[in-house]
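J.: all I have is the shape, not the residue letters:
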């Protein structure tokens with residue numbers, strides 16, 4: 001246990017423990033140690049067992065010759081040194097491979113996030129396309145290695161747009177033919193960028209051809225059918241769906257059914273029919289989109305607990321009721337922002353309640369899904385949302401990076417995506433919920449085609465809040481995110497999870513690269529935790545009373 005042993009020579013017949021038992025236990029501690037056993041003719045059965053179980057390098061029959069035994073030991077030591085050298089080389093290569101992969105992914109992810117920061121309208125686009133493409137590839141039963149390449153290539157498929165001029169990329173109108181020609185260069189440019197990164201050659205090929213049409217009418221090379229790599233055909237479908245269901249300055253977003261109808265119409269011409277069929281088979285995605293479109297944001301799992309005498313509540317208490325219930329908050333924002341011009345929409349619950357008026361707010365509360373008995377899990381989610389909202393508001397006040405009322409709303413609504421998944425798929429979501437990040441997000445994508453943070457962003461978007469006001473889709477994945485709103489919500493979520501100041505001091509979220517952009521110190525975050533605990537207890541105890 002304490003020392004590295006190169007060679008162990010043991011007799012078979014010993015008191016208390018046989019030689020084979022010793023070798024088995026020693027092998028568990030030092031698997032690379034060379035093991036030799038000394039056996040007599042009567043121990044033939046033990047000798048066979050030792051050879052069969054692979055616990056010995058060699059056995060030596062009694063009586064032995066000293067010179068033979070010394071020669072056997074010398075060769076055994078040479079064998080040990082050779083094995084150790086091979087093992088160390090393999091471990092060194094594995095560590096180097098992991099470092100190269102981590103560095104490569106880090107660089108590419110940083111460039112990808114820089115692109116998303118450049119164009120707010122495609123914020124999260126790469127993550128969504130990666131999720132859809134991964135789910136489709138799984139449904140088509142593609143191999144693990146190809147699946148990994150598709151996941152990575154889909155995330156980075158638009159990386160070439162980093163060099164597209166802003167006047168074209170950010171143009172709030174339909175592009176001209178010449179401008180479309182400039183944009184089309186992004187596929188080859190992105191492929192060249194990725195091809196220079198070790199281990200990204202296969203992903204680069206998928207990026208190069210992700211705009212090829214199945215009938216040969218795409219670009220850059222006009223490939224058709226099976227000439228196009230299957231991963232690129234899958235990304236083409238996922239990319240088109242997300243483009244159609246995402247709003248742009250010059251057009252509204254299509255709903256899920258309309259986008260699927262477009263995919264079906266283009267099957268065989270623009271899109272691979274098999275990839276379209278696989279996408280249309282993502283029933284979970286269709287179900288999620290349908291419930292969000294109807295304004296159901298997880299009511300079955302997270303019902304509202306309405307006050308006993310709704311008619312007697314003052315406007316101030318009504319606002320507190322809304323600010324204490326994530327589902328009510330979403331319903332109020334949706335009702336107030338619906339039909340308003342973009343410039344008049346709000347992310348503030350207080351502003352929304354004031355514009356709707358007390359009677360309209362009472363009616364929304366009265367219509368809400370209620371439940372006499374709320375599960376422990378739902379109550380924990382509600383309490384976490386309140387703590388996160390309060391922490392986000394305090395962090396916004398401290399940093400000045402975000403409107404405090406909008407930050408409060410983001411914290412309150414950030415886990416409605418989880419509530420919806422647990423409402424629609426209770427058994428599967430319950431199994432996934434206990435996985436840590438990023439494994440949980442990866443498993444959600446595999447199961448539903450999308451993770452709970454993106455579902456939460458769709459819920460926020462369905463409330464018609466101003467674009468970029470509430471960023472919840474990246475709050476669990478901020479290693480390379482520069483968006484202050486996502487960083488702030490990430491910190492608020494971590495603070496809400498901590499039970500005391502000692503936990504806050506040890507939070508993984510409090511790294512310098514995450515604190516510096518918000519100009520925060522660990523002491524600032526510890527103070528926010530303390531104030532959050534005080535305010536949440538005071539605010540919601542009073543509201544319940």
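T.: Here it is on my side, so go on. It should be emphasised that the depicted structure is a prediction, and the values quoted were computed from it without experimental measurement. Numbering: from 1, shown residues only.

J.: buried set for the helix or strand hosting residue 396?
T.: The secondary structure element spanning residue 396 is helix 376-399 (assigned by DSSP states H and E). Neighbour-count burial for helix 376-399, counted by 16 or more other CB atoms under 10 Å, picks out 378, 381-382, 384-396, 398-399. To be clear about C-beta, it is placed using only N, CA and C from the backbone, and glycine gets the same treatment.

J.: and stretch 141-148, by the same measure?
T.: Burial within stretch 141-148, assessed by neighbour count using 16+ other CB under 10 Å, is assigned to 142, 146, 147.

J.: show residues contacting that stretch.
T.: 134, 137, 138, 150, 230, 231 (CB atoms under 8 Å, 6 or more residues apart in numbering).

J.: check stretch 296-311 too.
T.: 291, 313, 317, 321, 325-328, 330-331, 362, 365-366, 368-371, 374-375, 377-378, 381-382, 416, 418-424, 426, 459, 462.

J.: among the residues you listed, which are in helices?
T.: Among these, the members falling in helices (DSSP state H) are 291, 317, 321, 326-328, 330-331, 362, 365-366, 377-378, 381-382, 416, 418-424, 426, 459, 462.

J.: select only the buried ones of these in PyMOL?
T.: Buried residues among the ones in helices among the contacts of stretch 296-311 (16+ other CB under 10 Å), as a PyMOL selection:
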select buried, resi 291+321+326+327+328+330+331+362+365+378+381+382+416+418+419+420+421+422+423+424+459+462
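
J.: ranges for the helices of the stretch 151-300 of the chain?
T.: Applying DSSP state H, counting those that start in this stretch to the stretch 151-300 of the chain gives helices spanning 166-169, 177-184, 186-195, 201-208, 230-244, 256-266, 273-280, 283-293.

J.: format those helices as JSON lines; extra columns: mean pLDDT and distance to residue 355.
T.: As requested, those are arranged in JSON lines below (pLDDT from 0 to 100; distance: least, CB to CB, whole Å):
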{"stretch": "helix 166-169", "mean pLDDT": "82", "distance to residue 355": "35"}
{"stretch": "helix 177-184", "mean pLDDT": "90", "distance to residue 355": "40"}
{"stretch": "helix 186-195", "mean pLDDT": "90", "distance to residue 355": "42"}
{"stretch": "helix 201-208", "mean pLDDT": "92", "distance to residue 355": "46"}
{"stretch": "helix 230-244", "mean pLDDT": "95", "distance to residue 355": "32"}
{"stretch": "helix 256-266", "mean pLDDT": "94", "distance to residue 355": "30"}
{"stretch": "helix 273-280", "mean pLDDT": "95", "distance to residue 355": "40"}
{"stretch": "helix 283-293", "mean pLDDT": "91", "distance to residue 355": "23"}
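
J.: residue 520 is nearest to which of the ones you listed?
T.: helix 166-169 (30.5 Å; CB to CB).

J.: for the closest one, packing partners?
T.: Counting contacts by 3 or more CB pairs under 8 Å, 6 or more residues apart in numbering; DSSP states H and E, helix 166-169 is packed against helix 177-184.

J.: how about the helix it packs on, which residues are buried there?
T.: For helix 177-184, the buried set under the neighbour-count rule, 16+ other CB under 10 Å, comprises 179, 182, 183, 184.

J.: which among those residues gets closest to residue 11?
T.: Relative to residue 11, the closest of the buried residues of helix 177-184 is residue 184; by CB to CB it sits at 77.2 Å.

J.: number of nearby residues for the nearest residue to the closest one once chain neighbours are set aside?
T.: The shortest distance from residue 184 to any residue other than its chain neighbours is 5.3 Å, reached at residue 219 (CB to CB, 6 or more residues apart in numbering). Counted with other CB atoms under 10 Å, residues neighbouring residue 219 total 15.

J.: give me the pLDDT for residue 219.
T.: For residue 219, the pLDDT comes out at 92.

J.: isn't it right up against residue 209?
T.: No. Applying CB atoms under 8 Å, one finds residue 219 not in contact with residue 209, separated by 9.2 Å.

J.: any idea how far residue 275 lies from residue 493?
T.: With distances taken as CB to CB, to the nearest Å, residue 275 is found 35 Å from residue 493.

J.: so for these two, which sits in the more crowded spot?
T.: Set side by side, residue 275 and residue 493 show more neighbours around residue 275, with 26 against 22, by other CB under 10 Å.

J.: for the residue nearest the centre of the chain, which non-adjacent residue is closest in space?
T.: The residue at the geometric middle of the chain, judged as the C-alpha nearest the mean C-alpha position with CA atoms, centre = their mean, is residue 441 (3.8 Å). Using CB to CB, 6+ apart and skipping residues adjacent in sequence, the residue nearest residue 441 is residue 451, 4.2 Å away.
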